[in-house]
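**Q** Return atomic coordinates for the entry below.
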Amino acid sequence: MQYSLSINGLTKSFATNFFQKPRQVLHSVSFKVKSQKTTGFIGVNGAGKTTTLKCVLGFIRPVTGTIGFFDGLPLSAHVKQRIGYLPERPYYYEFLTASEFLKFHWDISGGGEGFEESAQSVLTRVGLMNVWDRSLRSFSKGMLQRAGMAQALIRKPEFLILDEPMSGLDPDGRILIKDIIRHEKARGTSIFFSSHLLNDMDELCDELVVIDQGKMIYEGSLGDFTKSGGVEESFRQLRKELGDRKIEEN
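**A** Numbers count the residues shown, from 1 in each chain. The predicted structure follows:
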């Protein structure tokens, strides 16, 4: 079995103030993302999903733990060129047009030939080709999310990491993004995405990783997780069991 991402023993703490101990938000998190599979990352707000992704991509440093890409490679400029990433709250230079925004990301990820063709392709896929020369400040929240998806796709990544990719989208936008995820999977792309919309996990995922209060509580196939029902019901039941166990321990 090949893996696009392997995490082992990841811990992370944040200082609250000078007089208190750092608050630990990740507790020895370990899991793997299988290559050419779609893996969902589930957890309530504050569970540690975004912190995990920031550690994975090198935006913040973990206290302990190892992170490997494509069967063990460390994060490097070359590895980054093989990864597409959409953050939960992308930052946009609003004075740029959609095509200029994509060119900016193309250049900082290595530049080279082929930009025009790639930009036209991804803007068409996300339904923004008709506004390619409009400034981002005129875009709605949903249009900005589509622009963010376009930059994640522009290098035809082998591994796509999406943090709440359907946040702020209307029904048409959600359908579009789900179709893109399905297309990327068919192309052989490994996909790892978080979402609060648990029903989307039922539709899109092969595997699931579940985190609660910074601790791993499930890693495995969608089928094994949902033996007693859909993702939403299974997630609710799992958290209830954890809560009951904590009460018994106390």
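**Q** Every contact and neighbour count from this point should use C-alpha atoms.
**A** OK.
**Q** Roughly how far does Phe104 sit from Gly111?
**A** 9 Å (C-alpha to C-alpha, to the nearest Å).
**Q** buried ones in stretch 120-136?
**A** By 16 or more other C-alpha atoms under 10 Å, the buried positions in stretch 120-136 come out as 120, 122-123, 125-129, 131-132, 134-136.
**Q** With stretch 221-229 instead?
**A** For stretch 221-229, by 16+ other C-alpha under 10 Å, it's 222-223, 225.
**Q** show me what contacts the residue positioned nearest the centre of the chain?
**A** With distances taken as C-alpha atoms, centre = their mean, Leu162 lies nearest the centre of the chain, 2.6 Å away. When contacts are counted by C-alpha atoms under 8 Å, 6 or more residues apart in numbering, Leu162 touches 85-88, 191-194.
**Q** rerun that using 10 Å as the cut-off
**A** 40-41, 53, 84-88, 149, 152, 181, 191-195 (C-alpha atoms under 10 Å, 6 or more residues apart in numbering).
**Q** what's the answer for Gly114, then?
**A** Counting by C-alpha under 10 Å, 6+ apart, Gly114 has contacts 106, 155.
**Q** can you pull the pLDDT of it?
**A** We have a pLDDT of 89 for Gly114.
**Q** Check Arg245 too.
**A** 59.
**Q** Trp106 now?
**A** For Trp106, pLDDT reads 91.
**Q** how much space between it and Lys215?
**A** Taken as C-alpha to C-alpha, the span from Trp106 to Lys215 is 36 Å.
**Q** Give me the more crowded residue out of those two.
**A** Taking neighbours as other C-alpha atoms under 10 Å, Trp106 and Lys215 compare with Trp106 leading, 21 against 18.
**Q** Helix, strand, or coil at the more buried one?
**A** Per DSSP: H, G, I helix; E, B strand; the rest coil, the local secondary structure of Trp106 is helix.
**Q** Can you give me the domain boundaries for this protein?
**A** Listed by automatic domain parsing, the domain ranges of the chain are 1-82+157-221, 92-156.
**Q** So which elements touch the host helix or strand of Asn8?
**A** Per DSSP states H and E: Asn8 is located in strand 3-14. Applying 3 or more C-alpha pairs under 10 Å, 6 or more residues apart in numbering; DSSP states H and E, one finds that strand 3-14 contacts strand 23-34, helix 49-56, strand 64-69, strand 159-163, strand 190-194.
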